[in-house]
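Undergrad: I would like the atomic coordinates for the input below:
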Amino acid sequence: MHIDILSVTIRGGLTALRSPIEVAVAAVKDYVENHPYSMLYICRNYSRVLDHLDGDFDVRRAFTAYQLFSILEDVYQDVMFIEHDPLLFEDALGGKNGDENGSGNKDRGRGSRDYSLAENLSLAVKDVARGRLIIYYSPFNDPFFNLIAKNSDRVLIFEREPSGYFIVDSGYSEGYRNRHRRFYHRFLPKGQTTLEVF
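TA: Model prediction:
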């Protein structure tokens, strides 16, 4: 089981994907159209990607990080696509905009943000990813997505350029003494995904 996005193949494990929406849509469509196994799509009430998809796959909604933990405990699908929403971690920051009572006062408690819930969630997703293919998708960076990306097996970043995509691909490789993250980057022109042979 694998997913092909443009010129990149994603295999098992946890992959953090940051890209424009059309790349995420292409990833889900590739799997739904080419593999008979069930897929679970997890998002909140509003999804940027789900509106562009059709096909046979399961959809679950998680409105809090705790509901996402519950979904992860019951998952039976071999492939999962989780759409990131920073509002999942609103409880971890103590209310709206990071203050305790939701009044928008960010000065109180500055520097005391608790990211332990996101850390625990990233470890739970990574644990569930053993023997499965999980893509954790976000169209933007934020501290929570970065935490999940740090604990993932692979990070893929697609940046839209005027004539194509700039791709950063990083994964862990086993070194002599310890694991280290390796980075590869390349530019893929829009109209070309493979070379044709005449």
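Undergrad: got the phi and psi for the residue most central in space within the chain?
TA: Geometric centre of the chain, nearest residue: residue 136, 1.7 Å, by CA atoms, centre = their mean. Backbone dihedrals for residue 136, given as degrees, to the nearest 10, come out at phi -100, psi 110.
Undergrad: also residue 145?
TA: Dihedral angles (degrees, to the nearest 10) for residue 145: phi -60, psi -40.
Undergrad: how much space separates the closest residue in space to it that isn't next to it in sequence from residue 88?
TA: For residue 145, ignoring the flanking residues on the chain, the nearest one in space by CB to CB, 6 or more residues apart in numbering is residue 138 at 4.4 Å. Glycine gets a C-beta too; all of them are placed from N, C-alpha and C. As judged by CB to CB, to the nearest Å, residue 138 and residue 88 stand 11 Å apart.
Undergrad: check residue 4 too.
TA: Taken as CB to CB, the span from residue 4 to residue 88 is 28 Å.
Undergrad: and those two? which has more neighbours close in?
TA: With neighbours defined as other CB atoms under 10 Å, residue 4 and residue 88 compare such that residue 88 has more, 22 against 14.
Undergrad: quick check: the more buried one is in a strand.
TA: No. Residue 88 is assigned helix when assessed by DSSP: H, G, I helix; E, B strand; the rest coil, not a strand.
Undergrad: I figured it hits residue 69, correct?
TA: No. Between residue 88 and residue 69 there is no contact under CB atoms under 8 Å: 10.4 Å.
Undergrad: would you map the helices across this protein?
TA: Remark: helices assigned in the chain by DSSP state H are 21-34, 65-74, 116-128, 143-150.
Undergrad: tell me which residues touch residue 151, please.
TA: By CB atoms under 8 Å, 6 or more residues apart in numbering, the residues touching residue 151 are 14, 119, 122-123, 126.
Undergrad: if we can go back for a sec, so for residue 165, which of the helices of the chain sits nearest?
TA: helix 21-34 (7.4 Å; CB to CB).
Undergrad: biggest separation within the contacts of residue 151, which pair?
TA: Farthest-apart pair in the contacts of residue 151 is 14 and 119; separation 14.0 Å (CB to CB).
Undergrad: compare those two (neighbour count), which wins?
TA: Here residue 14 and residue 119 are compared on neighbour count by other CB under 10 Å; more neighbours surround residue 14, at 25 against 16.
Undergrad: isn't that one up against residue 131?
TA: No. Using CB under 8 Å, residue 14 is not in contact with residue 131; the gap is 11.5 Å.
Undergrad: hmm, back to that, just put the helices of the chain in a markdown table and tack on mean pLDDT.
TA: Shown next, in a markdown table, are these (pLDDT from 0 to 100):
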| stretch | mean pLDDT |
| --- | --- |
| helix 21-34 | 93 |
| helix 65-74 | 94 |
| helix 116-128 | 91 |
| helix 143-150 | 90 |
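Undergrad: right, I'll call it a day here.
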